[in-house]
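# heads up, no residue letters with this:
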């Protein structure tokens, strides 16, 4: 980050000319701005703050048409050491996640892992509709160094089809990142405000799976991903084996504080899911102390990795 | 003694209101001689997570000792939202609420939705009053972003049938107040107070002869409606319709009985 | 120097907000090194009579001497509502607003409505900035069922710019694909005096955005209190040398905003 | 027994009950009972009776006896009631000359029954131009003091011009049914008036500008319209008055109206909502002098122009 000039220094250097311009300005409301030196804010060097924390990004993707280079570029820029990545097929017309399809996805991840050894933590994608092939795929992927699973909206996480997969992951002591949605307005999951994706897992699905498998590790995907995070946190509160990652494009101001209050500092994970700036900005701007930030940026996910011996350092 | 069973604090989104904090409310109470007000926080009508509004009210009430002696908090609960039972327990055990207010039209569920029936039974078991507001504002002059639906009096009957032994407040009685004879009898048998803020209570004398003086109590619906019309409906009753004893019931007696104070 | 061109005070009806008073925003500004904030009052998005919200903001700004030096008030104007011309005059002459924000989606009129175009022209003639917010909330999930489902993208702004090309614009909380414009639309946007604030989810790659539209088109913004306070800053401060470096960063921190605000 | 006395008498026993009851309410009775204008002057009814009142907007109907109006007026200290009888959209009638004459006969009958209490207003339908002007003459000759028009024709329709000009000659006020039925965003069709011929604030502005010497009364600011929008439009037309009748006694409407229309252009009225009409003015932030104007003086000044004022 040597290429960045520190904002505070820059401000010091430009303070005089700025004052000059402002004094000569004609804004009625701003006269006297330069007189009250005490009114000037303290300096805050955001990049210094960003670089202070080690980070594992718990939710990111590679795509056939996007090179992993861009991910690494953003990660370098924002001081992210490791990225948990997967490649997925969202359910939809003309898009079926058959064994051939999910294998191709995972090959993409394996390729990225090979290209940037030490940076990517692979997550296998599968479709439990294909039970046998899914279990085989888990073996193939984990054997080549993947550290967990990512599942999308083909089947809800509490569907019995998933049980063998969950049991396998329990054996492996690995986390399952599950796409999630909580698309209600108000009024629960009523059809008119319900999910656009009927098979996407909703908070109650996580609660049921977590209750059935208290020894499994679930990751509720992208709390900032367009869900009602207040509702989601309220539901997940009582299920200590459900973690939530803070990725997503909606960096709403109070989400992290709210999640902290309901889920506690040990169950929240830093993530981006394509929203690199938001993933970090939302954590930095929350009312967390340094120790809590450290946990969310790094330690919490590393502790999960430790269970399967895949921890960093 | 004078008790207002229908006061609100908080922000009404669609129009500036001038008396919506506890401090302003208590000043208004002092000015008009109101000893106690039942209050909840209107933000809970619009927040998806209504508990945030209950917390705001509780904090405001704790911010000044004098509020404790003057304001009786009710919580706003949404029985289709996650965690409502935790919320209700917290409101009851830590915030000292005496009742709850439900806003099915704003929270978009039916009054007889199983979750709502469960909530009303739970409230009954906990000794809490259940308050239903027939409308917040006249739908004719509402904002286009506000809801269009209003209730008539008969619309609250289904929940009273489901849970006849709960205690109810029915607030801001507007619209059609006609009930069938069977529903009238149900209302008479129930432990219900209707407040005097609503426009359909202008014939209070008639209403008293139908339902009895024990069914009504002073209410303002402040800060949406003016502070005094509800009182005027009581105080201007002629001696022939309501003597001082009856007026005292309407001013405070009925409210004290049902609130247990 | 750092200027936030997209801050709001007031109440958001559908979710509890933290840090939504001038006092709280100022504390954030002090903590994170923001010198000035352009601010308007969220209540004006929902009040039918929006002027009440402008008055509330004005009173709040008058309530503490510190505020005068740190906030630029913008008024919210609804050109469909009675008395808006008078409101605008009062806001400019008595409250010292430097610009206005329009919320056609919430106030239920089309951007192309003659009254809207009329207002934009009047604002131009008065030397006021015209702010359009692409969305307040993500319509997918966190939105309340009573809230609007509509959001804009950059293309929706083109007809207004075509009608009034010489006004000065703020495009705030920009969402949707910002590369959606065709060649001529892009050229039009480049010619327009407009600042896009850095709070919006569309700016997933700030370097690309600058390469496409130029560093002169962007400025720091937070969309506080709805969005977090720092993501918009992160988009600026993490720019690399080959993406414009310190010169671009400084334009985005305050240079562009100062120029357009005339300070 | 007055309210304060009751409170004092019951203080001890209430305190006992209170401490046993709500945790938050212990000590309620330690604090001094509130003292305000109503408690110190005995009760709210004294405040009500302090003001002389002319009710500027009320109706008689075939199915309601004028006696009921007088009864509630006595209770609320209302000296005079301006009444009319109208054909509304709910009646299924079209306000033919025969029908509006019947209406006015009802008013005349009430005026005779309570000669000192009712001020009559003639109702007409300007679609029938000749008959309307004749009816004005008939009614005014028998002591009516003004005109009430409903939603048959908008007030700024040229059909109304001869009627307005006649009323200008008579120096009498025209009470016009009004609605401002928007949600937000002006009178757009989807949030607009349900009755297409109802006069909206802009119609009043248009006619007031054309006839600056006419006197127009915008009906029931509390009658379900957007009073904020209405006041903003009417602000610049000094010959448009507004009455504060209607069933919606919204808390800040009177103060808002005074701010935009001033204290001289507002009238007390009920339009069937007697308690709201009085309560909304009493609970506003106005001074006693302003309340006096609105309850009585402003309308009496209007009556004075035609020599029909109350002493």
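Looks like it came in fine. Source: prediction; values computed, not measured.
# do you know the pLDDT at residue D:29?
With respect to pLDDT, residue D:29 scores 36.
# typo on my end, residue A:286
So, for residue A:286, pLDDT stands at 94.
# phi and psi next, for it.
The phi and psi values for residue A:286, taken as degrees, to the nearest 10, are phi -90, psi 170.
# tally of neighbours for the closest residue to it other than its chain neighbours?
Nearest residue to residue A:286 in three dimensions, chain neighbours excluded: residue A:256, at 3.8 Å (CB to CB, 6 or more residues apart in numbering or on different chains). Bear in mind the C-beta positions are built from the backbone N, C-alpha and C, glycine included. Applying other CB atoms under 10 Å in any protein chain shown, we find 26 other residues in the vicinity of residue A:256.
# quick check: which element contains residue A:256?
helix A:255-263 (DSSP states H and E).
# and the helix or strand following that helix, average pLDDT?
Downstream of helix A:255-263, the next assigned helix or strand under DSSP H and E is strand A:268-269. For strand A:268-269, mean pLDDT rounds to 98.
# and after strand A:268-269, which helix or strand comes next?
Per DSSP H and E, the helix or strand that comes after strand A:268-269 is helix A:276-284.
# neighbouring contacts of that next one?
With contact meaning CB atoms under 8 Å, 6 or more residues apart in numbering or on different chains, helix A:276-284 is reached by A:46, A:49-50, A:55, A:57, A:74, A:77-78, A:224, A:246-252, A:255-256, A:270-273, A:293, A:296-297, C:201, C:203-204, C:206, C:228-235, C:238.
# list the buried residues for whatever helix or strand comes next after it?
Helices and strands here follow DSSP H and E; after helix A:276-284, the next one along the chain is helix A:290-294. Neighbour counts over helix A:290-294 (16 or more other CB atoms under 10 Å in any protein chain shown) mark A:292, A:293, A:294 as buried.
# identify the residues contacting helix A:290-294?
With CB under 8 Å, 6+ apart, helix A:290-294 has contacts from A:52, A:53, A:54, A:260, A:265, A:283, A:284.
# ok, residue D:222 - contacts?
D:244, D:245, D:246, D:247, D:248, D:249, D:250, D:253, D:273, D:276, D:280.
# mind checking which of these land in helices?
D:253, D:276, D:280 (DSSP state H).
# not counting its neighbours along the chain, what's nearest the first one?
In space, not counting the residues next to it along the chain, residue D:253 is nearest to residue D:227; the distance is 4.9 Å by CB to CB, 6+ apart.
# how near is residue D:289 to residue D:241?
Remark: distance between residue D:289 and residue D:241 (CB to CB, to the nearest Å) = 18 Å.
# could I get the phi/psi values of residue C:133?
phi -100, psi 120.
# tell me how many other residues crowd it.
28.
# any idea how far chain B is from the closest residue to it other than its chain neighbours?
Excluding the flanking residues, the one nearest residue C:133 by CB to CB, 6+ apart is residue C:172, at 4.4 Å. Applying CB to the nearest CB, to the nearest Å, the value for residue C:172 to chain B is 20 Å.
# check contacts around residue C:172.
Here residue C:172 is in contact with C:5, C:6, C:101, C:131, C:132, C:133, C:134, C:197, C:199, C:200, C:221, C:223 (CB under 8 Å, 6+ apart).
# in the stretch 1-150 of chain D, where is pLDDT below threshold?
For the stretch 1-150 of chain D, the stretches with pLDDT under 70 are D:1-42.
# tell me which stretches of it form strands.
D:54-59, D:80-84, D:118-123, D:146-149 (DSSP state E, counting those that start in this stretch).
# tell me the centre residue of the chain?
All of this refers to chain A. residue A:271 (2.2 Å; CA atoms, centre = their mean).
# if you could check chain D rather than the one you did, that'd help
Geometric middle of chain D (CA atoms, centre = their mean) lands on residue D:269, at 2.4 Å.
# run through the residues that contact that one.
D:55, D:56, D:57, D:58, D:82, D:220, D:243, D:244, D:245, D:277.
# ok, and the most crowded of the residues you listed?
Going by other CB under 10 Å, residue D:56 tops the contacts of residue D:269 with 34 neighbours.
# that one and chain A: what is the separation?
44 Å.
# my read is that that residue contacts residue D:268, right?
Yes. Residue D:56 is in contact with residue D:268 according to CB atoms under 8 Å; the separation is 6.4 Å.
# chain B contacts on chain C?
Within chain C, the positions near chain B by CB under 8 Å from any CB of the partner chain are C:11, C:13-16, C:43, C:46-49, C:52-53, C:56, C:106, C:108, C:144-146, C:148.
# can you tell me which of the residues you listed are in helices?
Those of those lying in helices (DSSP H): C:43, C:46, C:52, C:53, C:56, C:106.
# what is the nearest of those residues to residue A:131?
residue C:106 (49.7 Å; CB to CB).
# number of nearby residues for that closest one?
23.
# again, but for the one 4 residues further on
The local packing of residue C:110 (other CB under 10 Å) involves 11 other residues.
# what does the stretch 1-150 of chain B have sitting close to chain C?
Counting by CB under 8 Å from any CB, the stretch 1-150 of chain B sits next to chain C at B:11, B:13-16, B:43, B:46-49, B:52-53, B:56, B:106, B:108, B:143-147.
# and the helices in chain D, which stretches?
D:3-9, D:11-20, D:37-40, D:44-49, D:66-75, D:97-113, D:129-141, D:161-170, D:201-210, D:227-234, D:253-261, D:274-282, D:288-292, D:298-305.
# state the distance from the residue nearest to the centre of chain A to residue B:77.
Counting by CB to CB - residue A:271 and residue B:77 are separated by 33 Å.
# least confident secondary structure element in chain C?
In chain C, the helix or strand scored least confidently by mean pLDDT, DSSP states H and E is helix C:104-107, which has a mean of 92.
# can you list contacts of it?
By CB under 8 Å, 6+ apart, the list of residues contacting helix C:104-107 reads B:145, C:45-46, C:50, C:78, C:80-81, C:110-111, C:113, C:116, C:136, C:148, C:150-152, D:184-185.
# any stretches of the chain with poor pLDDT?
I'll assume chain A. A:1-42, A:183-197.
# correction: the question concerned chain C.
Using pLDDT under 70, the flagged stretches of chain C are C:141-142.
# near chain D, which residues of it?
Residues of chain C lying near chain D (CB under 8 Å from any CB): C:48, C:49, C:78, C:80, C:81, C:82, C:83, C:86, C:107, C:108, C:109.
# counting neighbours, what do you get for the last one?
Counted with other CB under 10 Å, the burial measure for residue C:109 works out to 22 neighbours.
# and it, how far from chain B?
Counting by CB to the nearest CB - residue C:109 and chain B are separated by 11 Å.
# wait, isn't that residue in contact with residue C:84?
No. Look at residue C:109 against residue C:84 with CB under 8 Å: they stay out of range, at 11.6 Å.
# buried ones in stretch C:104-115?
Under 16+ other CB under 10 Å, the buried positions of stretch C:104-115 are C:104, C:105, C:106, C:107, C:108, C:109, C:111, C:113, C:115.
# oh sorry, the question was meant for stretch B:9-21
Result for stretch B:9-21 [16+ other CB under 10 Å]: buried residues B:9, B:10, B:11, B:12, B:13, B:14, B:15, B:16, B:17, B:19, B:20.
# ok, stretch D:276-285 next?
Buried-residue list, stretch D:276-285, by 16+ other CB under 10 Å: D:276, D:277, D:278, D:279, D:280, D:281, D:282, D:283, D:284.
# done for today, thanks.
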